[in-house]
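[1] return a 3D structure for these sequence lines:
(4 chains)
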There are 2 protein chains.
Amino acid sequence: MSVKYSILGLLHYEDMHGYRIKEHIEKNFGYMWSVNYGQIYPNLKKLEQEGLISMREEVQNGKKGPPKKLYSLTDAGREAFQEWLAGSPERSMLLRDPFLMRFVFFGFGDKGRALELIDEQIMAYEGDLAGRLSKKEKWRTKDVFVNQLAELGIEMNKMMLSWLKETRKKVAAGGEEQ
Amino acid sequence: MSVKYSILGLLHYEDMHGYRIKEHIEKNFGYMWSVNYGQIYPNLKKLEQEGLISMREEVQNGKKGPPKKLYSLTDAGREAFQEWLAGSPERSMLLRDPFLMRFVFFGFGDKGRALELIDEQIMAYEGDLAGRLSKKEKWRTKDVFVNQLAELGIEMNKMMLSWLKETRKKVAAGGEEQ
DNA sequence: AAACACATGTAACACGTTACATGATTCA
DNA sequence: TGAATCATGTAACGTGTTACATGTGTTT
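    Predicted coordinates for the structure are as follows:
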């Protein structure tokens, strides 16, 4: 259901067609969120049927590509969105991360390989962090919430890095004790 | 696929039947992970068909309940698990959190309600943190990896709390500037 | 007698991902 | 000419969740 309401949310910025929606998410939330057409187009159709958005076909005179289907929020859509936005979200679990899923079981595996995989993670997060920090400037103009979300991404990255490094030390040290 | 390999991982501790597997996860990883029988039983069946685990029916003489189906790892299962464990995991996205999903769009909603929802999150995370800290002692005997995962849970909780509190300040302050 | 813990299982549904099909325009 | 970009869409698949059905033994 989150995709449905995300679309309603994004249409608050401007009227969009499916392709733009994906693009918008990739440009603005690419570091923390992804969608694909298999989700977008069926949801747009459903939302229209429910009367939460309305579609107008853009006749592209001379422009490239097939006719765009521009969607905009209806009053009902705005209402439904507000209701969702004001509702209390269910609490979700951490540790859906594919790395952490393995990590719990590293005790049953090869310690050398575990260290390698930890190093891989460290490098990946370091790359992410650099990317996030460099993009931080571009995002500065947005509202507090979008800004703070970017900040959270950075904080989370930093925390993961220090945890990974600390963990690496402990694992490496544990090997000599045995 | 993660459930499949998680089962193989858990069977390294001891032979288990479906019910125990769920119980084990809830007791040991309850703060960060959940499964349900709809996943467990079909996966056990599949794993057995693939020859990665083997089943022996426990004849319960005089004991309560239906006969337990005890599963244990086969050599093929151990191998498949090791292969998975040593493989590089795909990187996953943060922000699959239902709260953060709403949070991005708080700019389009009521600021008072936003503050309330932030407060709700703060209270929830404070409860979690207390719970995690109190259980930390019980887990102390486990291996480095399980230990570190518990540590990560605590760190993550702390980070979220400080971020939420900082965010709350900024949002509240932003209201007066306008 | 009722509730609860033990134990196994499935069917329906919701959600998400991948891969493919289609087709016009623009640029190298 | 071929590749890239714009643009819409669907079918198959994989995974996860909810809710139900079934039944025994123990505790209140």
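[2] and A:Leu161, its phi and psi?
    The phi and psi values for A:Leu161, taken as degrees, to the nearest 10, are phi -60, psi -50.
[3] what's near enough to touch it?
    A:122, A:125-126, A:129 (C-beta atoms under 8 Å, 6 or more residues apart in numbering or on different chains). Where C-beta positions appear, they are placed from N, C-alpha and C, glycine not excepted.
[4] may I ask which of the residues you listed has the most neighbours?
    Neighbour counts for the contacts of A:Leu161 (other C-beta atoms under 10 Å in any protein chain shown) peak at A:Tyr125, which has 20 neighbours.
[5] so for chain A, the centremost residue is which one?
    The geometric centre of chain A, computed from its C-alpha atoms, lies nearest to A:Trp33 (C-alpha atoms, centre = their mean), at 1.4 Å.
[6] picking up where we left off before, helices - which of the contacts of A:Leu161 land there?
    Of the positions in the contacts of A:Leu161, A:122, A:125-126, A:129 sit in helices, assigned by DSSP state H.
[7] tell me the one among these nearest to DNA strand C.
    For these, the residue nearest DNA strand C by C-beta to the nearest atom of the strand is A:Tyr125; the value is 20.2 Å.
[8] so what's the closest one up against?
    The contact partners of A:Tyr125, by C-beta under 8 Å, 6+ apart, come to A:157, A:160-161, A:164.
[9] again, but for A:Phe99
    Taking C-beta under 8 Å, 6+ apart as the test, what A:Phe99 contacts is A:117, A:121, B:89, B:91-92.
[10] do A:Lys136 as well
    A:150, A:154.
[11] related to what we said a few turns ago, of the contacts of A:Tyr125, buried ones?
    Neighbour-count burial (16 or more other C-beta atoms under 10 Å in any protein chain shown) applied to the contacts of A:Tyr125 gives A:157, A:160-161, A:164.
[12] which parts of chain A are strands?
    Secondary structure of chain A (DSSP state E): strands located at A:53-58, A:68-73.
[13] so where's chain A uncertain?
    Applying pLDDT under 70 to chain A flags the ranges A:59-66, A:175-178.
[14] if we can go back for a sec, skipping adjacent residues, who's closest to the residue nearest to the centre of chain A in space?
    Spatial nearest neighbour of A:Trp33, chain neighbours left out: B:Leu95 (5.2 Å); criterion: C-beta to C-beta, 6 or more residues apart in numbering or on different chains.
[15] surely the one you found touches B:Met101?
    Yes: counting by C-beta atoms under 8 Å, B:Met101 is a contact partner of B:Leu95 at 7.2 Å.
[16] hmm, A:Met156 is touching B:Asp97, no?
    No: assessed by C-beta under 8 Å, A:Met156 is found out of contact with B:Asp97, at 10.9 Å.
[17] picking that back up, which one of the strands of chain A lies nearest to DNA strand D?
    Nearest of the strands of chain A to DNA strand D, taken as C-beta to the nearest atom of the strand: strand A:68-73 at 4.1 Å.
[18] hey, C-alpha coordinates of the closest one in CSV?
    Extracted C-alpha coordinates of strand A:68-73, given in CSV (Å, rounded to 0.1, in the frame of the first residue of the first chain):
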residue,chain,number,x,y,z
LYS,A,68,1.9,11.2,-22.0
LYS,A,69,-0.8,10.4,-19.5
LEU,A,70,-0.6,13.2,-17.0
TYR,A,71,-2.1,12.5,-13.6
SER,A,72,-3.3,15.0,-11.0
LEU,A,73,-4.8,14.7,-7.6
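[19] on contacts alone, who are the packing partners of that strand?
    With contacts taken as 3 or more C-beta pairs under 8 Å, 6 or more residues apart in numbering or on different chains; DSSP states H and E, strand A:68-73 sits against helix A:37-49, strand A:53-58.
[20] tell me the domain ranges of chain A?
    Using automatic domain parsing, the domains assigned to chain A come out as A:2-86, A:98-177.
[21] nearest to DNA strand D, out of those domains?
    Among these, the nearest to DNA strand D by C-beta to the nearest atom of the strand is domain A:2-86 (3.2 Å).
[22] quick one: end-to-end distance for the closest one.
    With C-alpha to C-alpha, to the nearest Å as the measure, the ends of domain A:2-86 fall 14 Å from one another.
[23] and A:Ala124, how many neighbours?
    15.
[24] ok, now which ones touch it?
    With C-beta under 8 Å, 6+ apart, A:Ala124 has these contacts: B:Arg91.
[25] now the domains of chain A as CSV including distance to B:Tyr5?
    As requested, those are exported to CSV (distance: least, C-beta to C-beta, whole Å):
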stretch, distance to B:Tyr5
domain A:2-86, 23
domain A:98-177, 8
